[in-house]
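Asks: Provided below for reference: sequence and predicted model.
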Amino acid sequence: MNNEKLTQQSSKGIYLAIILFLHMVIGVNLLQAQEPSSFQWKNRLVLILVNDLSEEVYIKQLAELNAHKKGLEERKLIVYHIQPHRYTVGLAGQSWQHSKRLYKKYKKTKATFEIILVGLDGGNKLHRIKFLGCKELFNTIDAMPMRRLEKH
């Protein structure tokens, strides 16, 4: 009789642990899949729209951003990699989420590469169809009223 109760309690503990684990995993995936609008008033966004991840301009752009991580952090920048059928958040470009919506929403030209700066207010502040150096990116941000307030 005691062994049966112990087995039942152990089973309940295992089920509880599994449920908690699943909630953690689902929560992490939801965090990674956040929509750009969820960062409004908290972070600026750099949206990189590219058809092919092997494009030279895309690779050069990632190298530029990776070389200036501190500047990105100081300016509260989050990088989105957006392709026609998927996207991911963060410089590393991992954990891709399947979605056509972001590409359709932000794609403005027929160019195979676009980079867009989205300000804290959610508005597009800069749009290029070629490589964007961090000097120009940071100068654009540093001239914004919200950024000037952050620095004081």
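Replies: Received the coordinates, thanks.

Asks: And the pLDDT for the most centrally placed residue in the chain?
Replies: Note on the chain: the residue nearest the mean C-alpha position is residue 89, at 2.4 Å, using C-alpha atoms, centre = their mean. Note on residue 89: pLDDT of 95.

Asks: Residue 83 and residue 100: what is the separation?
Replies: 9 Å (C-beta to C-beta, to the nearest Å). Placement of C-beta: from N, CA and C, glycine included.

Asks: which one of these two has more residues nearby?
Replies: residue 83 (18 against 13; other C-beta atoms under 10 Å).

Asks: so the more buried one bridges to which residues?
Replies: Applying DSSP bridges to residue 83 yields these beta-bridge partners: residue 86.

Asks: so who does it touch?
Replies: Contacts for residue 83 (C-beta atoms under 8 Å, 6 or more residues apart in numbering) come out as 49-51, 53, 103.

Asks: Need the buried ones from those selected in PyMOL.
Replies: Remark: buried members of these, expressed as a PyMOL selection using 16 or more other C-beta atoms under 10 Å:
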select buried, resi 49+50+103
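
Asks: Can you pick out the ones from the contacts of residue 83 that are in helices?
Replies: Here DSSP state H is the test, and those give residue 103 as lying in helices.

Asks: In strands, which of the contacts of residue 83 appear?
Replies: 49-50 (DSSP state E).

Asks: Can you convert the contacts of residue 83 into a markdown table and add a column each for pLDDT?
Replies: Converted to a markdown table, the contacts of residue 83 look like this (pLDDT from 0 to 100):
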| residue | pLDDT |
| --- | --- |
| 49 | 98 |
| 50 | 98 |
| 51 | 96 |
| 53 | 96 |
| 103 | 97 |
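
Asks: hey, where'd the helices end up in this protein?
Replies: With helices called from DSSP H, the chain shows them at 2-32, 56-66, 69-74, 101-106, 134-142, 145-151.

Asks: and residue 133, how far is that from residue 76?
Replies: Residue 133 is 19 Å from residue 76, by C-beta to C-beta.

Asks: Domain boundaries for this protein, per the record?
Replies: Per the record, the chain has its domains at 1-32, 36-151, by automatic domain parsing.

Asks: Would you indicate which residues of stretch 93-103 are buried?
Replies: 93, 99, 102-103.
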